[in-house]
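**Student:** Could you look at this predicted model? Sequence included:
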Amino acid sequence: MLRNISFVALTFVSVITINAQKNKNTQLERPKLVVGLVVDQMRWDYLYRYYNKFGNDGFKRLLNTGYSLNNVHINYVPTVTALGHTSIYTGSVPAIHGIAGNDWTDKETGKNVYCTTDENVQPVGTTNKKVGSHSPKNLWSTTVTDELRLATNFQGKVIGVSLKDRASILPAGHTPNGAFWFDDSTGNFITSTWYMNDLPQWVKNFNSQNLPDKLVANGWNTLLPINQYTESSPDNSSWEGLLGSAKTPTFPYNNLAADYNSRKDNIRYTPFGNTLTLKLAEASVEGEKLGGDNITDFLAVNLASTDYAGHKFGPNSIEVEDVYLRLDKDLAEFFNYLDSKVGKGQYTVFLSADHGGAHSVGFLKEHKITTGFFGEGMEQAIGQKLKEKFGVDKLINGVDNYQVYFDRKLLKEHNLDLEDVVEFTARELEKDPTVLYAVPVTKVQEATIPEPIKQRIINGINRQRSGDIQLISHDSMLPPYAKTGTTHSVWNSYDSHVPLLFMGWGINQGESNKPYNMTDIAPTVSALLKIQFPSGSIGNPIDEAIAK
């Protein structure tokens, strides 16, 4: 009898448990807010180069409480800003999503096209049309932010913020509630009529604080005593560029306030550009009430000063190290703000980079690593060879994104066959000792090029917008304009190996060394949110990062 009672009781408890589980899953669960942090030009190794100097609540909070993917690469070339931001948020590649570079050459007109310029929209918050007339019209694929808007019938809000127009506009997608970027002519954040006809009051209030002036008022000195920057080369290294009116690339930069007053873009090269951006991000959470209800919102943030400082000073400079140490503190404050405003464990964060950056040529030479400048005088020399061969001058329209564009009007006028010109040029280019490969874009598949380079070229070539020949330089060869500081654009690990960390709602704790691609980020966020993948996505969800 007791055995039967026990069986009945156990069955009853089991039914209750099953029904409770069913009831638990009757409502779709999502985080209140997703925050995408893309740190411009952040090499993966910075996470550990500066690890011992980071506090516990910034990068280390991501590393130690979230999920770190240690082997994530960019799966296309060229590795530049607009492509990186677009590929992160579309899960796609330039061949599909249409953003072929920060800019590119229009094959028919021969004119330069900037990725977000849109003459059909007007600036909002400034009268400067060059700065303000921008939109995502050149973006062909949807973004994960678009898909969130669609999935919530446009109830979930999306905001993009950056110092850079392209790094605000492209991540926010076609349908956001706003995208805001910095205007060097006024020192304010602005937008365009693609999004709205007047700045929201919260942006006006933010601009009225004149925060940039306050941030630069005391100049820029190192956060720590300068002798503790043992992860970097000595201050005043010969390969560093100059900031503002400084005569040497050395701390302290006491004239920063005057330099900013003279040219407001000077803030971009300092850690205070990141501070400014994160403060605008906080203002957007407050102003738009992001994360304020159970409908998921999305905040896309680009931290661009890391890129500007890298270009100016190079990866091994004390300046770049200080930018990262200060960014670590800013991130800690930002996460603490989100904890208090949205709720700890109620939001999801991912952090990645749009590309990395090479060591400076001067730094590499000093340490006896093979380096040099890629293609110095190349365009002029090849132009002369083409003139001698085909009897026509200026057949090359330009060299952008490590790609050679030919003037189609001239070819047509002189009855020249594009394929013949391309083949001849490619053979001549490969005679240059700094060129590893020069590949006609229509012949990549059959070219004797090892993986992953071949696939990255295929992924990066947009049939309508890319050039006619793709150039691949030898390792550690930088373009001639990078005499000081550094740049990026190539397939090598220093440009393509980027960090990827997830933290917060729905995320496991741990790390992985498995290989993944940049294009896996958007599908992972889509899977987490249970929304459609972006329209051009070629990536796959990183299943191990998502809690079950």
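**Tutor:** Here it is on my side, so go on.
**Student:** I'd assumed Ile507 was in contact with Leu62.
**Tutor:** No. Under the criterion of Cβ atoms under 8 Å, Leu62 is not in contact with Ile507, lying 10.1 Å apart. Bear in mind the C-beta positions are built from the backbone N, C-alpha and C, glycine included.
**Student:** gap between the two ends of stretch 178-189?
**Tutor:** Distance across stretch 178-189, first residue to last, is 12 Å (Cα to Cα, to the nearest Å).
**Student:** Repeat that for stretch 299-311.
**Tutor:** OK, stretch 299-311 end separation, Cα to Cα: 26 Å.
**Student:** Now it: buried residues?
**Tutor:** Residues of stretch 299-311 classed as buried by neighbour count (16 or more other Cβ atoms under 10 Å): 299-311.
**Student:** Could you save those residues as CSV and add columns showing pLDDT?
**Tutor:** CSV is the format used below for those (pLDDT from 0 to 100):
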residue, pLDDT
Leu299, 99
Ala300, 99
Val301, 99
Asn302, 98
Leu303, 99
Ala304, 98
Ser305, 98
Thr306, 98
Asp307, 98
Tyr308, 98
Ala309, 98
Gly310, 98
His311, 98
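**Student:** So which of the residues you listed are in strands?
**Tutor:** Among the buried residues of stretch 299-311, the members found in strands (DSSP state E) are Leu299, Ala300, Val301, Asn302, Leu303.
**Student:** Give the bridge partners for the last one, please.
**Tutor:** Bridge pairing for Leu303 (DSSP bridges) gives the partners Val39.
**Student:** just to revisit the earlier point, which one of the ones in strands among the buried residues of stretch 299-311 is nearest to Pro31?
**Tutor:** Sorting these by how near they are to Pro31, with Cβ to Cβ, puts Leu299 at the top with 11.6 Å.
**Student:** shouldn't the closest one be in contact with Leu290?
**Tutor:** Yes. With contacts defined as Cβ under 8 Å, Leu299 counts as touching Leu290 at a distance of 5.7 Å.
**Student:** list residues touching both of the two?
**Tutor:** Residues touching both Leu299 and Leu290 by Cβ atoms under 8 Å, 6 or more residues apart in numbering: Leu33, Ile159, Ser284.
**Student:** Buried ones among these?
**Tutor:** Applying 16+ other Cβ under 10 Å to the shared contacts of Leu299 and Leu290, the neighbour count classes Leu33, Ile159, Ser284 as buried.
**Student:** ok, now which ones touch the residue lying closest to Pro252 once chain neighbours are set aside?
**Tutor:** Using Cβ to Cβ, 6 or more residues apart in numbering and skipping residues adjacent in sequence, the residue nearest Pro252 is Asn221, 3.9 Å away. Contact partners of Asn221, counting by Cβ under 8 Å, 6+ apart, are Phe251, Pro252, Tyr253.
**Student:** So which of those residues are in strands?
**Tutor:** Among the contacts of Asn221, the subset assigned to strands under DSSP E is empty.
**Student:** Buried among those residues? Make that a PyMOL selection.
**Tutor:** Under the burial definition 16+ other Cβ under 10 Å, those of those that qualify are selected in PyMOL by:
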select buried, resi 251+253
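**Student:** could I get the contacts of Asn221 as JSON lines with distance to Asp339 and pLDDT?
**Tutor:** Compiled in JSON lines, the contacts of Asn221 are given as follows (distance: Cβ to Cβ, whole Å; pLDDT from 0 to 100):
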{"residue": "Phe251", "distance to Asp339": "33", "pLDDT": "98"}
{"residue": "Pro252", "distance to Asp339": "33", "pLDDT": "98"}
{"residue": "Tyr253", "distance to Asp339": "33", "pLDDT": "98"}
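**Student:** Take the contacts of Asn221 and lay them out in a markdown table including distance to His497.
**Tutor:** What follows is the contacts of Asn221, written out as a markdown table (distance: Cβ to Cβ, whole Å):
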| residue | distance to His497 |
| --- | --- |
| Phe251 | 29 |
| Pro252 | 33 |
| Tyr253 | 31 |
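**Student:** any idea which of the contacts of Asn221 is closest to Lys329?
**Tutor:** Using Cβ to Cβ, the contacts of Asn221 come closest to Lys329 at Phe251, 17.4 Å.
**Student:** Distance-wise, check the residue nearest to Pro252 relative to Phe251.
**Tutor:** Distance check for Asn221 against Phe251: by Cβ to Cβ, to the nearest Å, it reads 6 Å.
**Student:** same check, this time on Thr79
**Tutor:** Plainly put, Thr79 is 30 Å away from Phe251 if you go by Cβ to Cβ.
**Student:** now swap in Gly356 and tell me
**Tutor:** Computed with Cβ to Cβ, the distance linking Gly356 and Phe251 is 25 Å.
**Student:** Equivalent analysis for Leu139, please.
**Tutor:** For Leu139 relative to Phe251 (Cβ to Cβ), the value is 40 Å.
**Student:** do Glu419 as well
**Tutor:** Summarising the geometry, the distance separating Glu419 from Phe251, computed by Cβ to Cβ, is 55 Å.
**Student:** what are the ranges of the helices in the stretch 251-400 of the chain?
**Tutor:** 256-262, 272-288, 305-313, 318-338, 361-366, 378-390 (DSSP state H, counting those that start in this stretch).
**Student:** Just put the ones you listed in a markdown table and tack on distance to His97.
**Tutor:** Below are these laid out as a markdown table (distance: least, Cβ to Cβ, whole Å):
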| stretch | distance to His97 |
| --- | --- |
| helix 256-262 | 36 |
| helix 272-288 | 24 |
| helix 305-313 | 21 |
| helix 318-338 | 28 |
| helix 361-366 | 32 |
| helix 378-390 | 28 |
